[in-house]
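Engineer: no sequence on this one, just coordinates:
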């Protein structure tokens, strides 16, 4: 039987730094990893991942919508792990300041965006930051599908488009 796990995360940016969380080594999910701010959607949030993202940001950092500017959904990542399909909604936002409160869920870190791949991050985080760095001035939404290439993780990217509104000029 296939099950779904939906998550919503935010990469919060201040100047050239991202707010990340280092999960404790005994955490039940992504233990010891440095991850974006976020978590699982609650049942009432299934149709509103933005609500889940904002809830998680406030719970984990103390930052509220007043502290964020330009929150945008930029990526939807799909992955299958055994019999579970994981859907991750990935937002980017600017944080107006760096004053955050500590969380019971992990240690908060401000990290230079160019150094994220030097940390103990998931393959998903590595590929999202790499893609975002090349496309940060775009407001497009991309869908990324995790796969294995020669036993190494990789993401295949596709632009999410409304194909019914795509018009071809006839000559």
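Structural biologist: Structure's in. What do you need? Because the structure is predicted, anything quoted here is derived from the model rather than measured.

Engineer: what about the helices in the protein?
Structural biologist: Counting by DSSP state H, the segments of the chain that form helices are 49-61, 123-135.

Engineer: Single out the most deeply packed of those helices.
Structural biologist: Mean neighbour counts were compared across the helices of the chain using mean count of other Cβ atoms under 10 Å; the top stretch is helix 49-61, at a mean of 20. Just so you know, the C-beta spots here come from the backbone N, C-alpha and C atoms, and that holds for glycine as well.

Engineer: tell me what that helix is packed against?
Structural biologist: If you count contacts as 3 or more Cβ pairs under 8 Å, 6 or more residues apart in numbering; DSSP states H and E, helix 49-61 packs onto strand 3-14, strand 37-40, strand 68-81, strand 84-95.

Engineer: center of the protein - which residue?
Structural biologist: The chain has residue 90 as the residue nearest its centroid, 3.3 Å off, counting by Cα atoms, centre = their mean.

Engineer: Relative to residue 25, how far out is that one?
Structural biologist: 25 Å (Cβ to Cβ, to the nearest Å).

Engineer: same deal with residue 87?
Structural biologist: 27 Å.

Engineer: Counting neighbours, go ahead and name the busier of those two.
Structural biologist: In terms of neighbours (other Cβ atoms under 10 Å), residue 87 is the more surrounded of residue 87 and residue 25; the figures are 15 against 8.

Engineer: Thought residue 80 was touching the more buried one, still the case?
Structural biologist: No: with the criterion set as Cβ atoms under 8 Å, residue 87 and residue 80 do not qualify as a contacting pair; they are 10.4 Å apart.

Engineer: got the contact list for the closest residue to residue 126 other than its chain neighbours?
Structural biologist: For residue 126, the nearest residue in space outside its immediate sequence neighbours is residue 117; the separation is 5.1 Å by Cβ to Cβ, 6 or more residues apart in numbering. Residues counted as contacts of residue 117 (Cβ atoms under 8 Å, 6 or more residues apart in numbering) are 126, 129, 130.

Engineer: ok, now with 10 Å
Structural biologist: Residue 117 makes contact with 125, 126, 127, 129, 130, according to Cβ atoms under 10 Å, 6 or more residues apart in numbering.

Engineer: Same check on residue 68?
Structural biologist: Residues in contact with residue 68 (Cβ under 10 Å, 6+ apart) are 10, 12, 13, 53, 54, 57, 58, 91, 93, 94, 95, 96.
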